[in-house]
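Colleague: What follows is a predicted protein model with its sequence.
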Amino acid sequence: MGASSMERLDKVHRTLDAALADGPWFFGDTLTVLDFLLGMQGHLAGELSGRSIEDYPNIARHQRALLERPSARRALDIHRAKVRERGDELVVAIEPEGW
């Protein structure tokens, strides 16, 4: 990605990070579909921008909170298995403790 694209992506991540400041979810204590959408794409905060997800502390906290949910763990396990079937390895921004 070019430098201007990286700057725009960083701005998007900083905006999302600020939106999560009152979290744990986008709407405070209410979990919504927006949280799952960000959860699916949250790894991009570090992967595409070349930065660590920890550079966006609220996104990192959000990812951890989402991955503590049993349903999210099951979905990630299923996805990871399918990726391995293809011979690839799934890279996630935050590897949950105890997995």
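Modeller: In hand now; what should we look at? Numbers count the residues shown, from 1 in each chain.
Colleague: Mean pLDDT per helix and strand in this structure: which one sits at the bottom?
Modeller: Ranking every helix and strand in the chain by mean pLDDT, DSSP states H and E puts helix 44-47 at the bottom, with a mean of 58.
Colleague: Remind me what the strand or helix carrying residue 82 packs against, helices and strands.
Modeller: Using DSSP states H and E, residue 82 sits in helix 70-85. Other helices and strands packing on helix 70-85, by 3 or more C-beta pairs under 8 Å, 6 or more residues apart in numbering; DSSP states H and E, are helix 57-67. Bear in mind the C-beta positions are built from the backbone N, C-alpha and C, glycine included.
Colleague: Give me the buried positions along the helix it packs on.
Modeller: 58, 59, 60, 61, 62, 63, 65, 66, 67 (16 or more other C-beta atoms under 10 Å).
Colleague: pretty sure the fifth one is touching residue 23, no?
Modeller: This means residue 62. Yes - contact criterion C-beta atoms under 8 Å: residue 62 and residue 23 qualify, at 6.1 Å.
Colleague: Low-confidence stretches in this protein?
Modeller: The chain contains residues with pLDDT under 70 at 1, 42-50, 91-99.
Colleague: Now with 50, please.
Modeller: Of all residues in the chain, none has pLDDT under 50.
Colleague: related to what we said a few turns ago, what residues sit buried inside the helix holding residue 82?
Modeller: Across helix 70-85, burial judged by 16+ other C-beta under 10 Å covers 72, 76.
Colleague: now swap in stretch 19-27 and tell me
Modeller: In stretch 19-27, counting by 16+ other C-beta under 10 Å, buried: 19, 20, 23, 24, 25, 26.
Colleague: can I get the CA coordinates of it in PDB?
Modeller: In PDB, the C-alpha atoms belonging to stretch 19-27 read as follows (Å, rounded to 0.1, in the frame of the first residue of the first chain):
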ATOM      1  CA  ALA A  19     -15.600   5.300  18.900                       C
ATOM      2  CA  LEU A  20     -14.800   2.400  21.200                       C
ATOM      3  CA  ALA A  21     -13.600   4.600  24.100                       C
ATOM      4  CA  ASP A  22     -16.800   4.200  26.100                       C
ATOM      5  CA  GLY A  23     -17.000   0.500  25.300                       C
ATOM      6  CA  PRO A  24     -16.600  -2.400  25.700                       C
ATOM      7  CA  TRP A  25     -18.800  -2.300  22.600                       C
ATOM      8  CA  PHE A  26     -19.700   0.400  20.000                       C
ATOM      9  CA  PHE A  27     -22.800   1.200  21.900                       C
END
